[in-house]
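Novice: pasting the sequence and the predicted model now:
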Amino acid sequence: MRTVLGVAGGIAAYKAAHIVRRLRELEHSVKVVPTANALNFIGAPTFEALSGQSVTTDVFAEVEDVNHVRIGQEAELVIIAPATANLIAKIAAGIADDLLTATVLTTTAEVVVAPAMHTEMWHNPATVANIATLRSRGVHVLEPAVGRLTGPDSGPGRLPEPEDIVAFALSAKEGARGAVAAGGEEPPPTAGGLAGRRIVISAGGTREALDPVRFLGNRSSGKQGIALARAARAAGSQVELVAANIDSGLLRTLPADIDVQHVESTLELQAAMRAAQSDADALIMAAAVADYRPAATAESKMKKSGDDGLTLRLVQNPDILRGLVDDRPESQIIVGFAAETGDPDTAAVDYARAKFLRKGVDLLVFNDVSSDRAFGHDHTAVQIIGSRAGETFVGEEFHGTKDDVSQKVIEAVIDQLTHVESTT
Ligand code: CTP
């Protein structure tokens, strides 16, 4: 796909290098069009090396190629990341005083904008109105993430992670293609191996309330489950995501036709999964589930009670996966996840193999977290454990982004569904 990456002059411009790399991995031809200010934050040679194409900001460079109209006309997708308040204002007003704004004005491709700015600028009525204008014209605007900004402040305004921007842009492009297809002008997108299927995926991490303001929880971001939901959708499935405490910015990167159910605690997650089980072809438990919860939840905020410390009594939570396996309808595929560490006596993979057998799942996606590779990071390494003809098999270690891993898991699910059907 011919993709233009516009880069405006904000501190997050450096993250655009990762976006170029990700798009190149997905075999896009990437033309980077920075503003002159963007090049104060990151150099043109970086973009040239990563994209393999020349970089210019100026409508008077390479004039014989008529770049100021050609780049926009030829683009199949335009992504602007980061988009500053200033650039957003110019686009909303139809100003074309440099190569990037001229490109946006000439293109008929889908335009995706990922704003990044200080919270005050994001909330300013001028920016709010400009964003509304862009959205009303069909521009896809990704909400900024909440978090640390340049300097000591934090709030909404952070550029989302490069991988999430790319995923959002691709679903925007895919959605537009589907809409054109519905109007009959283009053939519908090819159905993937999950067309006509329904997949239910849990993601995130459960929280167990101690009192109205405190909880016991874990560090799972939900990125893996979100990536799985996108991959399953891309393969043609109907997808329901049961989301345990996932950042709303991350949830916004999902295609709009994925059903999202919000849950907080393990018992809520269990109820949602049980309710969704009966008409699902496959269940994927990617959520990190709290094994224990407080025996009692205080109704009002707990107070300090002296110097003796605090003892909490915890009770065990149900094993959701085990229950789903016990009650599954015939030919439903169930996938579990296991993050394991090894010890001097037992390798992590052996713990995973034992868990595969104990849980009774069809597939177990195992990753070795001994080396701090999993939580919140974009790259991961997994092995898929399954069984054929009564023999347990452990797949080769597969390295990649969470999107790549999800692709692999979804392929394994398709394989398993096909296998079950051919043997029943
Ligand atoms: N899981 C679940 N219910 C639980 C705990 C885990 O459904 N109460 C699911 C997770 O979503 C994951 C798989 O089981 O798909 C393995 O999670 P893990 O925490 O490794 O399993 P545990 O059964 O808690 O194993 P351990 O005894 O090693 O803690």
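Specialist: Yes, it's here. Numbering: from 1, shown residues only.
Novice: so what's the residue of the stretch 51-200 of the chain found nearest the ligand bridging to?
Specialist: Nearest residue of the stretch 51-200 of the chain to the ligand: residue 200, at 12.5 Å (CB to the nearest ligand atom). C-beta: built from backbone N, CA, C; applies to glycine. Counting by DSSP bridges, residue 200 is bridged to residue 240, residue 283.
Novice: how about the residues of the stretch 301-424 of the chain that lie near the ligand?
Specialist: 317, 319, 320, 321, 336, 337, 338 (CB under 6 Å from any ligand atom).
Novice: next secondary structure after the strand or helix carrying the last one?
Specialist: Taking DSSP states H and E as the definition, residue 338 sits inside strand 333-340. Later in the chain than strand 333-340, the nearest helix or strand by DSSP H and E is helix 348-359.
Novice: chain center to that following helix: distance?
Specialist: Helix 348-359 sits 27 Å away from the centroid of its parent chain (CA atoms, centre = their mean, to the nearest Å).
Novice: and the angle for that helix with strand 333-340?
Specialist: Using axes from the mean of the first three to the mean of the last three CA atoms, to 10 degrees, the inter-axis angle of helix 348-359 relative to strand 333-340 is 140 degrees.
Novice: which strand of the protein spans the most residues?
Specialist: Counting by DSSP state E, the longest strand found in the chain is strand 379-388.
Novice: so which of the residues of the stretch 301-424 of the chain next to the ligand wins on neighbours?
Specialist: When neighbours are taken as other CB atoms under 10 Å, the top entry among those is residue 337 (27 neighbours).
Novice: that residue pairs with what?
Specialist: Where residue 337 sits in a bridge, its partners, by DSSP bridges, are residue 365.
Novice: these two touch, right, it and residue 283?
Specialist: No - counting by CB atoms under 8 Å, residue 337 does not reach residue 283; the two are 11.8 Å apart.
Novice: let me know the closest of the residues of the stretch 301-424 of the chain next to the ligand to residue 296.
Specialist: Proximity of those to residue 296 (CB to CB) peaks at residue 317, which lies at 14.5 Å.
Novice: in space, what's closest to the closest one - neighbours in sequence excluded?
Specialist: residue 266 (4.3 Å; CB to CB, 6 or more residues apart in numbering).
Novice: I'd say that neighbour and residue 320 touch.
Specialist: Yes - with contact defined as CB under 8 Å, residue 266 counts as touching residue 320 (7.0 Å).
Novice: what is in contact with the two at once?
Specialist: residue 289 (CB atoms under 8 Å, 6 or more residues apart in numbering).
Novice: now the strands for the stretch 51-200 of the chain?
Specialist: If DSSP state E, counting those that start in this stretch is used as the criterion, the strands of the stretch 51-200 of the chain fall at 77-83, 110-115, 140-141, 145-148, 154-158, 198-204.
Novice: can I get those strands in a markdown table with mean pLDDT and mean neighbour count?
Specialist: Below are the strands of the stretch 51-200 of the chain laid out as a markdown table (pLDDT from 0 to 100; neighbours: other CB atoms under 10 Å):
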| stretch | mean pLDDT | mean neighbour count |
| --- | --- | --- |
| strand 77-83 | 97 | 28 |
| strand 110-115 | 95 | 26 |
| strand 140-141 | 91 | 20 |
| strand 145-148 | 77 | 15 |
| strand 154-158 | 81 | 18 |
| strand 198-204 | 97 | 27 |
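Novice: make CSV out of these and add distance to residue 348.
Specialist: Listed next are those as CSV, based on distance: least, CB to CB, whole Å:
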stretch, distance to residue 348
strand 77-83, 37
strand 110-115, 37
strand 140-141, 41
strand 145-148, 31
strand 154-158, 34
strand 198-204, 22
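Novice: give me the residue from the stretch 101-250 of the chain nearest the ligand.
Specialist: Closest residue of the stretch 101-250 of the chain to the ligand, CB to the nearest ligand atom: residue 202 (6.4 Å).
Novice: where in the stretch 51-200 of the chain is pLDDT low?
Specialist: Low-confidence segments of the stretch 51-200 of the chain (pLDDT under 70): 175-192.
Novice: can you list the residue ranges for helices in it?
Specialist: Counting by DSSP state H, counting those that start in this stretch, one finds helices in the stretch 51-200 of the chain at the ranges 67-74, 85-93, 99-106, 119-123, 125-136, 162-182.
Novice: returning to that earlier point: grab the nearest non-local neighbour of the residue of the stretch 101-250 of the chain closest to the ligand.
Specialist: residue 287 (3.9 Å).
Novice: that neighbour contacts residue 245, correct?
Specialist: No - with contact defined as CB under 8 Å, residue 287 does not reach residue 245; the gap is 9.3 Å.
Novice: who touches both of the two?
Specialist: Joint contacts of residue 287 and residue 245 (CB under 8 Å, 6+ apart) are 204, 205, 206, 222.
Novice: quick one: which of these is most hemmed in?
Specialist: Neighbour-wise, the shared contacts of residue 287 and residue 245 (other CB under 10 Å) top out at residue 204, 31 neighbours.
Novice: from residue 306, how far out is it?
Specialist: For residue 204, the distance to residue 306 equals 36 Å [CB to CB, to the nearest Å].
Novice: residue 141 bridge partners, please.
Specialist: residue 113.
Novice: make that residue 34, sorry
Specialist: Applying DSSP bridges, one finds that residue 34 bridges with residue 7.
Novice: per-residue confidence for it?
Specialist: On pLDDT, residue 34 comes in at 97.
Novice: how far away is it from residue 419?
Specialist: 49 Å.
Novice: when these two are compared, which one has more neighbours?
Specialist: Taking other CB under 10 Å, residue 34 and residue 419 do not tie; residue 34 has more neighbours (26 against 14).
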